[in-house]
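Sequence first, then the predicted structure, then my questions.
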Amino acid sequence: TGQVLEVRDLVKHYRVGGGRSVRAVDGISFDIAPGEVLGLVGESGSGKSTVGRCLVRLIDPTAGTISLNGRDITHLSRRQLRPVRRDIHIVFQDPFSSLNPRFTVGQIVAEPLRRHRLAAGAQLASKVTRMLDRVGLPATTAHRYPHELSGGQRQRVGLARALVLEPALVVADEPVSALDVSVRAAVLNLITDLQAEMGFSCLFITHDLSVVEFLADRIAVMYVGQIVEHGPREQIFGQPQHPYTQALLSAAPVPDPVRQRQRRRVVLGSDVPSPVAPPPGCRFHTRCPVAVDRCREDEPKLVDARTSGQLVACHLVTATSVPDVL
Ligand code: SF4
Ligand code: MG
């Protein structure tokens, strides 16, 4: 099929007390092509991080399939996964907790190369130096420890470790959200440059739509465990169809004053519903400013909005875009 990643009907439910479960991810599907960046956007609790963790098999999905380069990796054992881990890496939000404090930066970046027996000795050292250079860190950083570095430097180390094997797919889970605003743009630009230069595919997970405006080729918006809208970046930003996407966009700070004026500001009432008991019908109906009666009972499917090239799960959008056959 030529896709780097294919995710089909992915489900992750966690059992909680009283026979109930958290429906963290509830049946989502998407592809990522070679060299493509998919932005996965949603509020905290939408299940987006759970998707990322399922992809790298840090957690096991409840149902569905995950294929990497055409190979179903959903049920591989730890041992079978070992070679697969060359091709898929995750970058976490908090680089400090994900870097071993007892290792030097050089040891941290060398570790994936050692584990996969891809380099040793002088060759290993030169690969590490080259990777540090690529993420904008001087060679001397190799001798330092994570606690000696700033947050931005630590995230550069996290990137160096994730990219040193030149993986086919990088899952970046809120990689700039924990950083000071002052260094966020620099790290984001670095990720953009590295992606263009190395050509890896990327699932970029964020709660902040504006972060992926210049990075993502396509955007999928998640709400309470499901994808509610999915389409090309320009379409999502230019003509969002789903009321939730419209609300997220209207809340995001937009540097362009013209577009800010054109956007209708939508303020979302109430909190994100619990994924233990998602609302019936459309899960967004408890907050949707344009909900109709049908929305409370009838669950909208994610379907092609026809006129726009987007997939949208909303009764109002499908009602107006599907030609009336009666
Ligand atoms: Fe709003 Fe109804 Fe559309 Fe859901 S289906 S987003 S509640 S209009
Ligand atoms: Mg998260």
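Received it, and whenever you're ready, just let me know what you need. Ligands and ions are numbered 1, 2, ... in the order given.

Low-confidence bits of this structure, can you list those?
252-266, 269, 307, 319-326 (pLDDT under 70).

any idea where the strands of it begin and end?
In the chain, the strands defined using DSSP state E lie at 5-15, 21-32, 37-41, 63-68, 71-72, 88-91, 169-173, 201-206, 218-223, 226-232, 303-304, 311-312.

Ligand 1 contacts on this structure?
Pro243, Cys282, Phe284, His285, Cys288, Val290, Ala291, Cys295, Pro300, Cys314, His315, Leu316 (C-beta under 6 Å from any ligand atom). C-beta coordinates here come from the backbone N, C-alpha and C atoms, glycine included.

List the residues that contact the fourth one.
This means His285. Pro279, Ala291, Cys295, Arg296 (C-beta atoms under 8 Å, 6 or more residues apart in numbering).

Got phi/psi on it?
phi -60, psi -30 (degrees, to the nearest 10).

any idea how far it is from Ala313?
12 Å (C-beta to C-beta, to the nearest Å).

May I ask which two of the residues of the chain next to ligand 1 are separated the most?
Val290 and Pro300 (12.7 Å; C-beta to C-beta).

Between those two, which is the more surrounded one?
The neighbour count for Val290 versus Pro300, taken as other C-beta atoms under 10 Å, is higher for Pro300 (23 against 12).

Can you tell me, leaving aside adjacent residues, what's nearest to that one?
Leaving aside its chain neighbours, Pro300 sits nearest to Ala313 (4.5 Å; criterion: C-beta to C-beta, 6 or more residues apart in numbering).

got the domain boundaries for this protein?
5-87+167-321, 97-166 (automatic domain parsing).

Could you double-check that Glu36 lies in contact with Phe204?
No: applying C-beta atoms under 8 Å, one finds Glu36 not in contact with Phe204, separated by 10.7 Å.

ok, these two, which is more surrounded?
More crowded of Glu36 and Phe204, by other C-beta under 10 Å: Phe204, with 26 against 20.

Name the residues linked to that one by a beta bridge.
Gly39, Ala172 (DSSP bridges).

Quick check: it vs Val267, distance?
In terms of C-beta to C-beta, Phe204 sits 26 Å off from Val267.

ok, now Ile90?
34 Å.

What of Ala251?
8 Å.

if you take the average position of the protein, which residue is closest to it?
Ile205 (2.4 Å; C-alpha atoms, centre = their mean).

got the contact list for it?
Taking C-beta under 8 Å, 6+ apart as the test, what Ile205 contacts is Leu40, Val41, Lys48, Ser49, Val51, Gly52, Val171, Ala172, Asp173, Glu174.

could those residues go into JSON lines alongside neighbour count?
Formatted as JSON lines, those follow (neighbours: other C-beta atoms under 10 Å):
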{"residue": "Leu40", "neighbour count": "28"}
{"residue": "Val41", "neighbour count": "27"}
{"residue": "Lys48", "neighbour count": "28"}
{"residue": "Ser49", "neighbour count": "21"}
{"residue": "Val51", "neighbour count": "28"}
{"residue": "Gly52", "neighbour count": "22"}
{"residue": "Val171", "neighbour count": "27"}
{"residue": "Ala172", "neighbour count": "26"}
{"residue": "Asp173", "neighbour count": "22"}
{"residue": "Glu174", "neighbour count": "21"}
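
Which of those sits closest to Ile73?
Distances from Ile73 to the contacts of Ile205, taken by C-beta to C-beta, are shortest for Val171, at 13.2 Å.

Please enumerate the helices of the protein.
Using DSSP state H, the helices of the chain run over residues 48-55, 78-84, 95-98, 105-115, 121-134, 151-163, 181-198, 233-238, 243-251, 257-262, 315-321.

which other helices and strands contact the fourth one?
Helices and strands touching helix 105-115, as assessed by 3 or more C-beta pairs under 8 Å, 6 or more residues apart in numbering; DSSP states H and E, comprise helix 121-134, helix 151-163.

wait, which of these is closest to Val212?
That would be helix 151-163 among those, by C-beta to C-beta, at 16.6 Å.

returning to what we had before: now for the contacts of His285, which sits with the most neighbours around it?
Cys295 (23 neighbours).

got the contact list for that residue?
Counting by C-beta under 8 Å, 6+ apart, Cys295 touches Gly281, Cys282, Phe284, His285, Cys288, His315.

Top of these by number of neighbours, please.
Cys282 (27 neighbours).
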